[in-house]
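take this sequence and fold it.
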Amino acid sequence: MWSDNETDVDLLGFDVLVDELTVALTDKRLLPLTLGVLGGWGSGKSSLLKQAYRELAAGDDSSPYVCIEFSPWRYEDYEDVKSAFMRLALDACAARANGDADRVEEIGALRRFARAFGRRSRTVGSAAIAVAPAVAPGVLAAIDPHAAQSTVDMTSALVSAAAPAANRVLAPDASEEAATVADIEDVTEFHLRYAKLVDALPGVDAVIVFVDDLDRCLPETIVDTFEAIRLFLNAPKTAYVIAANRQIIEAAIDSRYRQLQMDGGRKVGHEYLEKMLQLQIVVPSLSAVETAAYVSLLVTELHLDESEFDSVCGIVKERRAEAPFAAVYNRSQADEILRDRLTPELAADLDWANDIGPVLAEGFDGNPRSIKRFLNDLRWRQRAGARRGITLRSDVLAKLMVLEERHTEDLQTVFDWQHRVDGPSPELARAQSLTQPAASPGNTEPHPSSPSATPSQPPTERSSRRRSSSTQSRSSGDPDVEPRGVASPDRVDTWVDRPEIRRWLQLPPDLSALDLRPYFTYFREHIVVGSPASTLRPALQALLTQLMSDVPAVSRAAIASYRGLPITDQDDVALALLDSVARRPDSAAFGTAGELAAQVTRLIPSVCEALGRIPHTSLSAMRVPGLIRRLPETPERAQLLAGWTESSVNAVRSAATAAGRPRAQSERPG
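Model prediction:
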């Protein structure tokens, strides 16, 4: 299995981004510099910073760059982040002072100020809150000189009154250790003396701070980190690399300055970040080709020793340099690169890694961390199976896990089919056969799992042919009655007609001849043995699928059809819908259940009772208000609402409380 931590081994082809980063950081004309490395969660930002740090730090004090790694997230619960940031920078400078007495004493004075600042951070925070209305126009003016002009005169007196108090709380007290160098009185003096210190460090071209984990922090910590850079540590020979999710940082700034708005009602977060970051490097998502190479390298790493794997990475790096957008490492290329090191076990792993690469790129948006977690989950299940003497094929398990990750309800469908029989499922065999090219003497079409494969007929023609053949193959009697143990051909055909299911079926391997029962032992969290949905007639199965659709027009039409059913059928479908909601409360079925209860009021008790059993940690808070407002005011609704408003989950409690407030008169109909 693979560690989920950042790495300085480049498996993603980030060497180009490392080049961009190091070129900017080593250009003296750009200093001082604050550079943003921006990307989503798990995109590889931390690994990129680690690789750049390793290159610039050179592993010893001979490098002309003083490199510092700082994670504000590690400090926010027990120490003032600004003070911790300042002292970390000073410690790095002290290590390069070469024992010079004057520099050591100057660093001591700066440290005393940083310690005093940290002890009084709560007082400073109170002062800042007191003068926030006065500071607000200054923030706006720094971003846009025209945005806050109308309010500057009104608040200038408050700013002037607050400044002396702020300086007083920053001054060190008499209990500090004696010093031969004069102590620092305020922020401005600290900034000037720190800049002078950095400029005088011998053999140092720049002090570079790599700031990571910022998007894990609370809004207060995020803004404090930027303020530490701007107010204290921004010196001529300094650079700051900020790795973060842009949306989270902007939201944090908006939260800190929520009363501030730009022209047209825009928030300040975007403009603030644009001003703070002089350069930005955006970490891209992996393409299908890059994902295949990444997964193949991860698999290869498990089979080779460190020196052998380093050799493979070196060859892949050279190939990426020659052809940046081409396939650089896959199953076929492994034969050439690995030669006698390609064992049968590694070859088998590379086969399935190659097969699932494209779907991982699509299903996880090319996110390296999500891909690695998928692979770790796969390995974990295989090892758990091995302890019980069960062999789980990597390719089969991976294919089922894709369905689990992206279409959980359909995993239940496949399980229901498999659970009815001993041996291979006839429904799944039929579904797999419907994705194969039509057999004919001259047919030379590629297998549909091949990237170049294309359907042999238009979808409408394929569908009509299947409907014709399935009608002929039915047993006599009521066509809407499903024989025991077998799903009707029409239901299988309808399932395969869905594009996402067709794409999944076309993934290798073909599951037609496989008994999947051992595999489902390791999907127990997402399946229900004997689920209500599995006992529905095909027509009701189809209606249930429409009710659970995330397309509002489809679910609304399905509700209208539902109301025309006999009561016994209504109850069966409602039971299956609520079972689905219990297993996937974040799905569209959650809202549909509320709408169904609003239109068929006899369902209100059962709907409210089922929703009330869902663990609050599994609820999607954003769906709570809409559901509550749909339901008529009944005792069952009141009981459900009371349970949610008393939730220990803050988001659920807030959403339910807001939804339970009486609407304003202007919001009421009429």
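
return the distance of stretch 586-604 from the chain's centre.
In terms of C-alpha atoms, centre = their mean, to the nearest Å, the centre of stretch 586-604 is found 30 Å from the chain centre.

what are the buried residues along it?
Judged by neighbour count using 16 or more other C-beta atoms under 10 Å, the buried positions of stretch 586-604 are 587-598, 600, 603-604. From N, CA and C alone the C-beta is placed, and that goes for glycine too.

same deal with stretch 417-429?
Within stretch 417-429, the residues scored as buried using 16+ other C-beta under 10 Å are 417-419, 424-429.

next: stretch 26-37.
Under the neighbour-count criterion of 16+ other C-beta under 10 Å, stretch 26-37 has 26, 31-37 buried.

just the residues contacting that stretch, thanks.
21, 24-25, 45, 48-49, 56, 65, 205-206, 229, 234-244, 246, 273, 276-281, 283 (C-beta atoms under 8 Å, 6 or more residues apart in numbering).

so which of these sit within strands?
The strands, defined by DSSP state E, take in 65, 206, 238-244, 279-281 from the contacts of stretch 26-37.

surely residue 329 is in contact with residue 290?
No. In this structure residue 329 lies outside contact range of residue 290 using C-beta atoms under 8 Å: 10.0 Å.

more crowded one of these two?
It is residue 329, of residue 329 and residue 290, that has more neighbours when counted by other C-beta atoms under 10 Å, with 27 against 24.

in ChimeraX, select just the buried ones from the ones in strands among the contacts of stretch 26-37.
This is how ChimeraX selects the buried members of those, with burial counted by 16+ other C-beta under 10 Å:
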select :65,206,238,239,240,241,242,243,244,279,281
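
and which of the ones in strands among the contacts of stretch 26-37 is nearest residue 544?
residue 244 (42.8 Å; C-beta to C-beta).

how close does that closest one get to residue 257?
18 Å (C-beta to C-beta, to the nearest Å).

residues of whichever strand or helix holds residue 301 that come out buried?
Here residue 301, judged by DSSP states H and E, is contained in helix 288-303. The neighbour-count check on helix 288-303 (16+ other C-beta under 10 Å) flags 288-301, 303 as buried.

may I ask which two of the residues you listed are separated the most?
Pairwise distances across these (C-beta to C-beta) peak at 23.5 Å, for the pair 288 and 303.

what about the strands in this structure?
Using DSSP E, the strands of the chain run over 33-38, 65-70, 206-211, 238-244, 279-282.

show me where the stretch 201-350 of the chain dips below the pLDDT cut-off.
261-266 (pLDDT under 70).

helices of that one, start to end?
Shown for the stretch 201-350 of the chain, the helices assigned by DSSP state H, counting those that start in this stretch span residues 219-228, 246-256, 269-276, 288-303, 306-322, 331-338, 344-363.

need those in CSV (columns: distance to residue 623).
Converted to CSV, the helices of the stretch 201-350 of the chain look like this (distance: least, C-beta to C-beta, whole Å):
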stretch, distance to residue 623
helix 219-228, 25
helix 246-256, 21
helix 269-276, 26
helix 288-303, 32
helix 306-322, 44
helix 331-338, 43
helix 344-363, 23
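
mind checking which of those is nearest residue 2?
So among these, helix 288-303 is nearest, using C-beta to C-beta, at 5.9 Å.

how distant is the closest one from the center of its chain?
21 Å.

list the contacts of it.
Identification of contacts with helix 288-303 by C-beta under 8 Å, 6+ apart yields 2, 11-13, 286, 309, 312-313, 316, 325-331, 334, 338, 343, 345-346, 349-350, 353-354, 356-358, 360-362, 366, 368, 371-372, 375.

filter those residues down to the buried ones.
11-13, 286, 309, 312-313, 316, 327-331, 334, 338, 346, 349-350, 353-354, 356-358, 360-361, 366, 368, 371-372, 375.

how long is stretch 541-554 end to end?
15 Å (C-alpha to C-alpha, to the nearest Å).

what do you get for stretch 601-615?
24 Å.

how close does residue 329 get to residue 213?
Relative to residue 213, residue 329 is positioned 30 Å away (C-beta to C-beta).

my error: substitute residue 512 in the last question.
Taking C-beta to C-beta, one finds residue 512 at 47 Å from residue 213.

nearest spatial neighbour of residue 348, skipping sequence neighbours?
residue 394 (7.3 Å; C-beta to C-beta, 6 or more residues apart in numbering).

now the buried residues of stretch 26-37 in a markdown table, with distance to residue 402 and pLDDT?
As requested, the buried residues of stretch 26-37 are arranged in a markdown table below (distance: C-beta to C-beta, whole Å; pLDDT from 0 to 100):
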| residue | distance to residue 402 | pLDDT |
| --- | --- | --- |
| 26 | 43 | 92 |
| 31 | 48 | 90 |
| 32 | 47 | 90 |
| 33 | 43 | 91 |
| 34 | 41 | 93 |
| 35 | 37 | 94 |
| 36 | 34 | 93 |
| 37 | 30 | 93 |
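
so can I have CSV of those showing distance to residue 655?
As requested, those are exported to CSV (distance: C-beta to C-beta, whole Å):
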residue, distance to residue 655
26, 49
31, 47
32, 44
33, 42
34, 37
35, 38
36, 33
37, 34
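
quick one: low-confidence parts of the stretch 501-650 of the chain?
Within the stretch 501-650 of the chain, the segments meeting pLDDT under 70 span 529-531, 534.

which residues of the stretch 351-500 of the chain fall in helices?
368-387, 394-406, 408-419, 426-433, 459-473, 489-496, 499-505.

and of those, who's closest to residue 107?
With distances scored as C-beta to C-beta, the stretch of the helices of the stretch 351-500 of the chain nearest to residue 107 is helix 368-387 (38.7 Å).
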